[in-house]
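**Q** got a predicted model here, sequence first, then my questions.
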Amino acid sequence: MTKTSQPTETTDPIILYSRSLHEYTLRLWTESRRVAEQNSKRREAEAKKASEEEAEREAPESACKSTSSDSLSG
């Protein structure tokens, strides 16, 4: 049996596979977190836009109601 210059830790196929699998899993997890954060920000922006649009729709209605009630009482 001949000795190699590299330690067993770096040449053992199981260890190499384990490290490779760990790196792959970490990349997948990181990518899924990035996508989840993007989706969350997009949903927040859509909700904010929807609430602003709803407030704009309600504002003219309340202005019209107060104007028409003022003209009726006067």
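**A** Sure, I can see it.
**Q** quick one: the helices in this protein?
**A** 8-11, 13-73 (DSSP state H).
**Q** which elements pack onto the last one?
**A** It stands for helix 13-73. The helices and strands touching helix 13-73, judged by 3 or more CB pairs under 8 Å, 6 or more residues apart in numbering; DSSP states H and E, number zero. (Glycine included, C-beta is placed from N, CA and C.)
**Q** backbone dihedrals for residue 12, please?
**A** Note on residue 12: its backbone torsions stand at phi -70, psi 120 [degrees, to the nearest 10].
**Q** tell me how many other residues surround it.
**A** Here the number of neighbours of residue 12 (other CB atoms under 10 Å) works out to 12.
**Q** next one: residue 21
**A** Neighbours around residue 21, by other CB under 10 Å: 10.
**Q** any idea how far it is from residue 45?
**A** 36 Å (CB to CB, to the nearest Å).
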